[in-house]
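In: Quick one, fold the following:
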Amino acid sequence: SLVIALTVLELLSRTAFTFVADTESEKKKQEDWFVYSRELGWERKPGFNNNIAAVNRQFDESGLLVGDAAKLRDSTKKKILFIGDSNTFGNDYPLDKIFTSLVDSMLADAVTINLAAPGYSSYHGKIVLHRALQKFRPDVIVASFSYNDRRYVLNADDVDGAAAFQRIYELSKRQQWLDKLEM
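Out: Here you go, the predicted model:
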């Protein structure tokens, strides 16, 4: 009976430990800042308000950084549009310390719109720019892409492009479906 009692205690403690570990892991999971997109592979998630690379970022209902839409209402100021990758987006830095914000604070007669996103390459930039030209009618465009354009891709099918992004989008839809089955 002692062996049975110890076995039951062992099973209960393992079950409790697993439950606690799973609960802690769920708490630590961070909401994704992006949504999958057929055209871009991924883009900013409208209404997001959480950390990205350990720094808080907030996007409005259209996916703009909170505050950018309000700046655009002043039609007397020149518009400087930034497209780029995580460096332009400002990973690891508070919003007031990233270079797009610094430019914005230094130029009284201009406003900046930061459309950059982590992981973007110049292929993304071309699509983002095409969308933004009509919508924002910028006076100046600044493009800044680095690593994502230089990374080595082993499989030609993984090069940034419409076919690769369509695959990413379709895989994300399958994964969402599987996630629903697990619940």
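
In: what number of residues lie near residue 155?
Out: Look at residue 155: counted by other CB atoms under 10 Å, it has 7 neighbours. All C-beta atoms are positioned from the backbone trio N, CA, C, and that covers glycine.

In: Report pLDDT for it.
Out: On pLDDT, residue 155 comes in at 78.

In: which residues touch it?
Out: Residue 155 makes contact with no residue under the criterion CB atoms under 8 Å, 6 or more residues apart in numbering.

In: go on, the one 4 residues further on?
Out: If a contact means CB under 8 Å, 6+ apart, then residue 159 has residue 153 as its contacts.

In: Look up how far residue 166 lies from it.
Out: 13 Å (CB to CB, to the nearest Å).

In: which secondary structure elements does the helix or strand where residue 165 lies contact?
Out: Assessed by DSSP states H and E, residue 165 sits inside helix 162-182. The contact analysis (3 or more CB pairs under 8 Å, 6 or more residues apart in numbering; DSSP states H and E) places helix 162-182 against strand 34-37, strand 41-44.

In: Mean confidence (pLDDT) on the last one, please.
Out: Along strand 41-44, the predicted confidence averages to a pLDDT of 94.

In: Go through the helix or strand following that strand and flag the buried ones.
Out: For strand 41-44, the succeeding helix or strand toward the C-terminus, using DSSP H and E, is strand 49-52. Neighbour-count burial for strand 49-52 flags residue 52 (criterion: 16 or more other CB atoms under 10 Å).

In: Contacts made by strand 49-52 with the rest, please.
Out: By CB under 8 Å, 6+ apart, strand 49-52 touches 30-31, 33, 56-59, 91, 118.

In: Those residues in strands, which ones?
Out: Assigned to strands by DSSP state E, the following of the contacts of strand 49-52 qualify: 56-58.
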